[in-house]
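Participant: With the input below, show me the fold.
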Amino acid sequence: MTYKRGALLVIATFAFVLALLIYFHIVGAQSQVNSDMRASDQFAYLTFAQRAYDSSLHYTGKRNRMPLFPWIQAVFYSPELSDEAFFQQGKRVNTVISVICLVAVGLAFFARFSKALALYSLTVAAFLLYALKAPWFQAEILFYTLFWLSFALALECIRAPSWKKSVGVGALFAWAHFTKASALPGLLLYSVSFAVLLTRRLYKRDLRRADVWTVLAWATTPIVVFVILLFPYFSESKARYGQYLYNVNTTFYMWNDTWKQAKHNTYAAGDREGWPDLPAEEIPSLQNYLSTHSARHIVDRFRDGARAFFHAVCVKPEGEYRYGVCGHSVAALVIIVASVVAMLRQNRRAALATDLQAAFFATSFLGAYLLAALWYHPIALTPRILFSLILPLFWILGVVEGAACSHRRSLVIAGRVVKPAPAAFSLLTAIAAYQAIELAAFRAETIYGGG
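Facilitator: Next up, the predicted model:
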């Protein structure tokens, strides 16, 4: 037994060292690809960090990019550094951030789910996403991690509410929003999901006045925490731009048909210095958009976005955005749907009904952000928003698979008992590992991790 444990320890150590070597080889290859500091918003983040340093972290930006990532980079900045030296240092800092974030991903998945699923999720996240984005002066890795943590804790709080979790949900969504201004819709969907809980209890005639106040407190506590933490930033936005939630991307750009149109509209009118000096009818907004576009145009915009992203991420041979996560995302969705269908066939509707609120939150969360990415594609055809959904998707996979696997029969193959889920995840992990090796050997020098 001691010999067997020793052999397993040696194999595990060898696999860990090999994984690190592959990871940093991909990072190194991507660092060579990323030689232009002015590509993909990097110079904007770099100058943001420099101004943050000069102002002792009081500079909060021009409401296009959020402050958290530049502030972190500013901590390591020195006026003696040239722009190029700071750029190279920033890539190294972001690589360290990627490793810390992956440690958090690994700890959370291994603590919550089976070892097979956790290893699979970590393999996909590390080699097919984080390694490609690590040597970039961008906020994506930090945002992906905080965004996923926010979602994961929100889902766990829905399934087993507590006051500590509620406060944590608000804090995590605030930090995610302070990294990229797109976390607020997820927090609002979390709060709205409690309407499902109230409706279900009302339907079952199991709703008391005390329960209503408790549920409302669970729903609103994260919003209160979110507002308290970010109120200084929001109040500055109100004073400078006229709106608490002012952000040029969500306030103006998303209501244009093209980036060229946005650039010649509010951008040219100084939307990053203050409210643009334009007549109200010329300022992009939801109301103006609906008054000038037909329902067919809106549907076509979503359809064209889906086609463009699918071709760029999943189909285009040797595509610069073909990281390898497309197939695994499809596999995760298939397993989730198959598990839910299997539970329904096993007449476990009562068990599923108890998770109705969680199901609403998870599906609306993924659906809303997917539609947002498709909608925004005419402004910037980049899969950044889509890739932020990878870890939440795998967390949902773990929750659903964990609920289904306890009622799933084992298979007997060649006289051995084989559990389908661990076997499937082991196979998928092997595929992801092969993709990582192929990436390190051939494709890491051509893929564009900044998109």
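Participant: Okay, now the unreliable bits of this protein?
Facilitator: Residue ranges of the chain with pLDDT under 70: 1, 3, 205-207, 209-210, 317-319, 347-354, 405-418.
Participant: State the distance from the residue nearest the centre of it to L370.
Facilitator: For the chain, the residue nearest the mean C-alpha position is S388 (2.4 Å; CA atoms, centre = their mean). According to CB to CB, to the nearest Å, S388 stands 10 Å off from L370. Where C-beta positions appear, they are placed from N, C-alpha and C, glycine not excepted.
Participant: V215: what secondary structure?
Facilitator: Three-state assignment for V215 (DSSP: H, G, I helix; E, B strand; the rest coil): helix.
Participant: wait, it sits on R200?
Facilitator: No - judged on CB atoms under 8 Å, V215 makes no contact with R200 at a distance of 10.8 Å.
Participant: State the phi and psi torsions of F394.
Facilitator: F394 adopts backbone torsions of phi -70, psi -30, taken as degrees, to the nearest 10.
Participant: ok, and the closest non-adjacent residue to it?
Facilitator: The shortest distance from F394 to any non-neighbouring residue, by CB to CB, 6 or more residues apart in numbering, is to S121 (4.3 Å).
Participant: residue contacts, the one you found?
Facilitator: Residues in contact with S121, defined by CB atoms under 8 Å, 6 or more residues apart in numbering, are V105, F109, F113, L391, F394, L397, G398.
Participant: any idea how far it lies from W175?
Facilitator: Using CB to CB, S121 is found at 22 Å from W175.
Participant: Then P284?
Facilitator: Distance from P284 to W175, by CB to CB: 29 Å.
Participant: just the helices in the stretch 351-451 of the chain please.
Facilitator: Under the criterion DSSP state H, counting those that start in this stretch, the stretch 351-451 of the chain contains helices at 356-376, 384-387, 390-405, 420-438.
Participant: Sorry, wrong one. I was asking about the stretch 51-200 of the chain.
Facilitator: Applying DSSP H, counting those that start in this stretch to the stretch 51-200 of the chain gives helices spanning 68-75, 83-112, 115-125, 131-133, 140-159, 163-177, 184-203.
Participant: Please name the residues that touch the closest residue to A125 other than its chain neighbours.
Facilitator: Sequence neighbours aside, V105 is the residue nearest to A125 in space, at 5.6 Å (criterion: CB to CB, 6+ apart). Neighbour list for V105: S121, L122, A125, A126, T145, W148, L391 [criterion: CB under 8 Å, 6+ apart].
Participant: Now with 10 Å, please.
Facilitator: For V105, the contacting residues are 118, 121-122, 125-126, 130, 144-145, 148-149, 152, 391, 394-395, by CB atoms under 10 Å, 6 or more residues apart in numbering.
Participant: Would you mind checking the contacts of S121 for buried ones?
Facilitator: The neighbour count (16 or more other CB atoms under 10 Å) marks V105, F109, F113, L391, F394, L397, G398 as buried among the contacts of S121.
Participant: ok, so of those, who is nearest P222?
Facilitator: Of all the buried ones among the contacts of S121, L391 has the smallest distance to P222: 19.5 Å, by CB to CB.
Participant: so what's that closest one closest to, chain neighbours aside?
Facilitator: Counting by CB to CB, 6+ apart, W148 is the residue found nearest to L391 once chain neighbours are left out, at 3.6 Å.
Participant: Correct me if wrong: the one you found contacts L129.
Facilitator: No - taking contacts as CB atoms under 10 Å, W148 lies outside contact range of L129: 11.2 Å.
Participant: Can you check which residues contact both of the two?
Facilitator: Jointly contacting W148 and L129 under the rule CB under 10 Å, 6+ apart are S388, I390, L391.
Participant: which one among those gets closest to V99?
Facilitator: Among these, L391 lies closest to V99 (CB to CB), at 15.8 Å.
Participant: For the closest one, list the residues it contacts.
Facilitator: Per CB under 10 Å, 6+ apart, neighbours of L391: 101, 105, 108-109, 121, 124-125, 129-130, 144-145, 147-149, 151-152.
Participant: which of those are buried?
Facilitator: By 16+ other CB under 10 Å, the contacts of L391 give 101, 105, 108-109, 121, 124-125, 129-130, 144-145, 147-149, 151-152 as buried.
Participant: What is the neighbour count of T363?
Facilitator: Counted with other CB atoms under 10 Å, residues neighbouring T363 total 13.
Participant: P276 belongs to a strand?
Facilitator: No - counting by three-state DSSP, P276 falls outside a strand, being coil.
Participant: Quick check: closest non-adjacent residue to it.
Facilitator: Of all residues not flanking P276 in the chain, A269 sits nearest, at 3.7 Å (CB to CB, 6+ apart).
Participant: Which residues are in contact with that neighbour?
Facilitator: F252, W275, P276, D277, L278, E282, I283.
Participant: Sounds good, over and out.
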